[in-house]
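K.L.:
Could you work out the structure for the sequence below:
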Amino acid sequence: MRRVLVLAAAGLLTACGSATSAPTPGVSSAPPTSAPASSSPATVQVETPTATSKDWQDIAPGVSVRLDSVTLTSGVPAQVTTVRMAQAAGRLRVGYAPGSRALISEWAAAHPTAVAVINGGYFDDAGRTTSLLVSDGVSAGRSYVGFGGMLSMSSKGVVTLRSLRDHPYSSAEKPRQAIQSFPMLVIDGAAPALPNDNGRYGRRSIVAVDAQSRLLFITVEGGWTLPETGAWLVGSGLQIRQALNLDGGGSTGMAVQAGSYRRVVNAYTSLPIVLWVEAA
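P.N.:
Okay, the predicted model is just below:
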């Protein structure tokens, strides 16, 4: 079954058509139609230590894991799992299998050389991406315009995370791997205003880059709003410069597997889109 998953992902990618509209996820905000006005980020109370070396468990060369129990001012407790990877260049991968969805644990088992696997962006009822996606140089869907963000790896292996509002996608880029989602939760070290936020609470999945250009995969098991999530990311001590919200709620899932270390935050649903980082 796991072998079938890998083959199906490769075969179905080329058959997927372009998305024509932005997603309307149940736990995330509707896509903004204009640049948000500036405002102060939500105020949160963080009951965890700052991110120092003693808070991290090194599980592989350049790969560390941090587990935090966090209670915000809303009083809702959450378990936050953060994987930090210092050497993601050239090792980022995007998996796409709209016709052969699988649990995050099954994706991880199908790719045993991945040190961390996390769910990706939004998809429709048929499992097709609702934004631009590139896996091993083959693209599907259509880029968001004026909102959202993009994690990509160039043909030279350079990994970047950016706001599409501030740095629009160009078809001339030709990334080797790419995934888009919305909204951006941190831009240049600050939590932007989210005027279209619906205020709903839900599990969260985030991809981020810190001040040392390290790539982070983060999951939040508990109920946070998007503004709360952005504010916590800025105040967490993780030194995050850019952070992008992925498909949360029932899609939130991550698997970490390095050496003897294993941790799975399983999604409540099977997933057609994931991203992972290969072991060095």
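K.L.:
Could you check how far stretch 182-195 is from the centre of its chain?
P.N.:
The chain centroid and the centroid of stretch 182-195 are separated by 14 Å under CA atoms, centre = their mean, to the nearest Å.
K.L.:
start to end distance for it?
P.N.:
Using CA to CA, to the nearest Å, the end-to-end distance of stretch 182-195 comes out at 13 Å.
K.L.:
In that stretch, which of the residues would be classed as buried?
P.N.:
Neighbour-count burial for stretch 182-195, with 16 or more other CB atoms under 10 Å as criterion, is recorded at 182, 183, 184, 185, 186, 187, 191, 192, 193, 194. (C-beta placed from N, C-alpha, C; glycine too.)
K.L.:
Sort out for me which of these are in strands.
P.N.:
By the criterion of DSSP state E, membership of the buried residues of stretch 182-195 in strands covers 184, 185, 186, 187.
K.L.:
which one of the residues you listed is nearest residue 105?
P.N.:
residue 185 (25.8 Å; CB to CB).
K.L.:
where does the closest residue to that closest one other than its chain neighbours fall, helix, sheet strand or coil?
P.N.:
Among residues not flanking residue 185 along the chain, residue 230 sits closest, at 3.9 Å (CB to CB, 6 or more residues apart in numbering). Of the three states, residue 230 takes helix under DSSP: H, G, I helix; E, B strand; the rest coil.
K.L.:
Residue 230 and residue 109: what is the separation?
P.N.:
Using CB to CB, to the nearest Å, residue 230 is found at 33 Å from residue 109.
K.L.:
out of these two, which sits in the busier spot?
P.N.:
A direct count of neighbours by other CB atoms under 10 Å for residue 230 and residue 109 places residue 230 higher, at 29 against 17.
K.L.:
worst-scoring helix or strand of this structure, pLDDT-wise?
P.N.:
Lowest by mean pLDDT, DSSP states H and E among the helices and strands of the chain is helix 2-13, with a mean of 34.
K.L.:
Need the ones in strands among the buried residues of stretch 182-195 in CSV (columns: pLDDT and distance to residue 246).
P.N.:
Listed next are those as CSV, based on pLDDT from 0 to 100; distance: CB to CB, whole Å:
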residue, pLDDT, distance to residue 246
184, 98, 12
185, 98, 10
186, 98, 14
187, 98, 16
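K.L.:
Over stretch 166-173, what's the mean pLDDT, rounded is fine.
P.N.:
Here stretch 166-173 scores 96 as its mean pLDDT.
K.L.:
which residues touch that stretch?
P.N.:
Applying CB atoms under 8 Å, 6 or more residues apart in numbering, the external contacts of stretch 166-173 come out as 132, 143, 144, 145, 146, 150, 152, 154, 180, 187.
K.L.:
how deep is the second one tucked in, by neighbour count?
P.N.:
Just to be clear, that refers to residue 143. By the measure other CB under 10 Å, the count of residues near residue 143 is 20.
K.L.:
do the same with the first one
P.N.:
The number of residues packed around residue 132, counting by other CB under 10 Å, is 24.
K.L.:
what sits against it?
P.N.:
Taking CB under 8 Å, 6+ apart, we find residue 132 in contact with 139, 140, 141, 142, 143, 144, 150, 169, 178, 180.
K.L.:
From residue 215, how far out is residue 248?
P.N.:
Distance, residue 248 to residue 215, using CB to CB: 19 Å.
K.L.:
same deal with residue 191?
P.N.:
Going from residue 191 to residue 215 by CB to CB gives 19 Å.
K.L.:
Nearest to residue 56 among the buried residues of stretch 182-195?
P.N.:
Nearest to residue 56 among the buried residues of stretch 182-195: residue 186, at 19.8 Å, using CB to CB.
K.L.:
The closest one and residue 208: what is the separation?
P.N.:
Computed as CB to CB, the residue 186 to residue 208 distance reads 7 Å.
K.L.:
Residue 113 now?
P.N.:
As for residue 113, its distance to residue 208 is 23 Å (criterion: CB to CB).
K.L.:
what's the answer for residue 81, then?
P.N.:
Distance, residue 81 to residue 208, by CB to CB: 13 Å.
K.L.:
Check residue 104 too.
P.N.:
Here the criterion is CB to CB. By it, residue 104 lies 18 Å from residue 208.
K.L.:
Then residue 200?
P.N.:
With the distance defined as CB to CB, residue 200 ends up 21 Å from residue 208.
K.L.:
Thanks a lot, catch you later.
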